[in-house]
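>>> What would the 3D arrangement of this be:
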Amino acid sequence: MINLAQKDIAHTFGKFIVTAMGVGMLLGIVLIMIGVYRGMIVDAEVLLDDIGANLWVVQEDTLGPFAESSRVHEDLKNTIKAIDGVDKTAALTFQNIQLPTSTIPIRVTAVGYDPFGEISAINPKRIVQGRALKRDHYEIVVSQKTGFELNDLIPLGRHTYKVVGITKGTVASGGDPLVFLSFKDAGELQFSYSNNRIRTDRLRGLKTGDSHLANAVVATIKPGYSVNAIANEIRKFQHKSVYTADEQRTILTKNVIKNASKQIGLFTVILVVVSTIIIALIIYTMTLEKMKEIAIMKLIGIPNSMIIKMIVQETMLLGFLAFIFGNLFAHLIYQVFPKRVVLLKPDAWELFIVIIIASILASIVAIKKVIKADPRSAIGG
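This is a model prediction of the structure:
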């Protein structure tokens, strides 16, 4: 009966392959969407891994700069450094800015850190051209995605910054490219006001902005000391929210991209259901086209089980070919997406299992039609 299935497919080979390719494109999009979700997780962890801090100290009752607004004083790093067990500390700023270009501005996430501090926000392995920051003012390190070249001049706020380094693979949790400024320059951009705003505030009797603020203070812990114990001490005496590296990772992967993951999951389920319906319709149509042949087979004594076996084989083969085409399609187009897409083999194998199960379920409608087929219709023409 396997030969019968093969001959039946050969009879409608063109339609069978085109259908498999069409369903495969849908499955390819499913793989891409799963890859986008995986890429979001990878992007969310890039900066955390590059900084390599054990503790993140942020404004009290907040989740930190990756999830909401957070402001702490820069000199908090000195207070934390004095705690027994703390090895290194650094004050950091994070802000979304628009880099001006000759066409349209580029949205980036700017990270401010002290070039002469104990903790650097830049992973040296990610620098592909130039160098890291070496001055307190007027230097900037950009991502390849921004399109800037070494020695380009970028006007930001009141000053112009020179590109001294270019990195690869540095992105924020939202997929925006990262750029790096000195802590003083980043603080001025984020916390200082324009001259007109300062004059207006002074006329109103208001104080001007304080640029000696940070969005977070990070710290590394000496070997042999408890990270959680030091975190509890900071919470108790400094009245700040403190998160370990794992807790910060959870905030990024669970809270920040939570809604995006739900949307991707919903679209994935919809596409799998649509693919199942398409496979069911095609197999049902193919079954209707050969109802007379099926009636003849039943008339000459071929049992329903063998005919059902043929239909299930065709359905599973259609699902298998669709999966192959989907994989090829996904790997051909994933690099053109603006955000990172990570295609993993375990995800592909899980999708394969889902498609095989869906294919078997899709054959049920055609199987019911076969069971109800009347052998006498073969005689009636």
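
>>> is it true that F329 lies in a helix?
Yes: in this structure, F329 lies within a helix as judged by DSSP: H, G, I helix; E, B strand; the rest coil.

>>> so who does it touch?
The neighbourhood of F329, defined by Cβ atoms under 8 Å, 6 or more residues apart in numbering, consists of G24, M25, L27, G28. (Glycine included, C-beta is placed from N, CA and C.)

>>> Farthest-apart pair in those, please.
Based on Cβ to Cβ, the longest span within those runs between M25 and L27 and measures 7.4 Å.

>>> what sits in contact with each of these two?
Each of F325, G326, F329 lies in contact with both M25 and L27 under the rule Cβ under 8 Å, 6+ apart.

>>> how close does the last one sit to T62?
Going back to what we said before, that points to F329. As defined by Cβ to Cβ, to the nearest Å, F329 lies at a distance of 43 Å from T62.

>>> How about Y284?
Using Cβ to Cβ, Y284 is found at 56 Å from T62.

>>> Also M297?
For M297, the distance to T62 equals 71 Å [Cβ to Cβ].

>>> Between these two, which is the more surrounded one?
Each of M297 and T62 has its neighbours counted (other Cβ atoms under 10 Å); M297 has more, 22 against 17.

>>> Which one of M25 and L27 is surrounded by more residues?
L27 (27 against 18).

>>> Low-confidence bits of the stretch 51-200 of the chain, can you list those?
Judged by pLDDT under 70, the stretch 51-200 of the chain has its weakly predicted residues at 192-198.

>>> So which residues of it form helices?
In the stretch 51-200 of the chain, helices defined by DSSP state H, counting those that start in this stretch lie at 76-81, 183-191, 195-203, listed in chain order.

>>> Looking at the ones you listed, which one is packed in the most?
Most buried of the helices of the stretch 51-200 of the chain by mean neighbour count (mean count of other Cβ atoms under 10 Å) is helix 183-191; its value is a mean of 22.

>>> Check which helices and strands that helix is in contact with.
Taking 3 or more Cβ pairs under 8 Å, 6 or more residues apart in numbering; DSSP states H and E as the contact definition, the neighbouring helices and strands of helix 183-191 are strand 86-99, strand 106-113, strand 213-214.

>>> Strand partners (parallel or antiparallel) of the first one?
This means strand 86-99. In the sheet containing strand 86-99, its partner strands are strand 106-113 (antiparallel), strand 216-221 (antiparallel), by DSSP bridges.

>>> which residues are in contact with the shortest one?
Meaning strand 216-221. Applying Cβ under 8 Å, 6+ apart, the contact partners of strand 216-221 are 51-58, 64-65, 70, 72, 76-77, 80-81, 85-92, 94, 119, 227, 230.

>>> Buried only: go through those residues for me.
51, 53-58, 64-65, 70, 72, 76-77, 80, 86, 88-92, 94, 119, 227, 230 (16 or more other Cβ atoms under 10 Å).

>>> List the residues that contact the closest residue to N96 other than its chain neighbours.
Leaving aside its chain neighbours, N96 sits nearest to T109 (5.7 Å; criterion: Cβ to Cβ, 6 or more residues apart in numbering). Remark: with contacts taken as Cβ under 8 Å, 6+ apart, T109 is in contact with F94, Q95, N96, I97, A172, G174, D176, P177, L178, V179.

>>> what's the spacing between T109 and P303?
From T109 over to P303 the distance is 66 Å, taken as Cβ to Cβ.

>>> how about stretch 115-131: buried residues?
For stretch 115-131, burial by neighbour count (16+ other Cβ under 10 Å) applies to P115, G117, I119, S120, A121, I122, N123, R126, I127, G130.

>>> now do stretch 220-231
T220, I221, V227, I230, A231.

>>> what would those look like in CSV with pLDDT and distance to V274?
As requested, those are exported to CSV (pLDDT from 0 to 100; distance: Cβ to Cβ, whole Å):
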residue, pLDDT, distance to V274
T220, 93, 49
I221, 94, 51
V227, 91, 47
I230, 92, 52
A231, 91, 48
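
>>> of all the residues you listed, which two lie farthest apart?
Spanning the widest gap among the buried residues of stretch 220-231 are T220 and A231, at 12.7 Å by Cβ to Cβ.

>>> shared neighbours, those two?
Overlap between the neighbourhoods of T220 and A231 consists of L55, taking contacts as Cβ under 8 Å, 6+ apart.

>>> per the record, what domains does this structure have?
The record's domain split for the chain, according to automatic domain parsing, is 2-43+259-378, 60-239.

>>> Those domains: which one's closest to E247?
Relative to E247, the nearest member of these by Cβ to Cβ is domain 60-239, separated by 8.8 Å.

>>> First-to-last residue distance for that closest one?
Its start and end residues considered, domain 60-239 measures 6 Å (Cα to Cα, to the nearest Å).

>>> And for stretch 137-151?
With Cα to Cα as the measure, stretch 137-151 spans 15 Å from end to end.

>>> distance between that stretch and the chain's centre?
Here the centre of mass of C-alpha atoms in stretch 137-151, compared against the chain's by Cα atoms, centre = their mean, to the nearest Å, lies 24 Å away.

>>> buried residues in that stretch?
Along stretch 137-151, these residues count as buried under the neighbour rule (16+ other Cβ under 10 Å): E139, I140, V141, V142, S143, K145, T146, F148.

>>> Among these, pick out the one closest to G165, please.
Taking Cβ to Cβ as the measure, V141 is the one of these closest to G165, at 3.9 Å.
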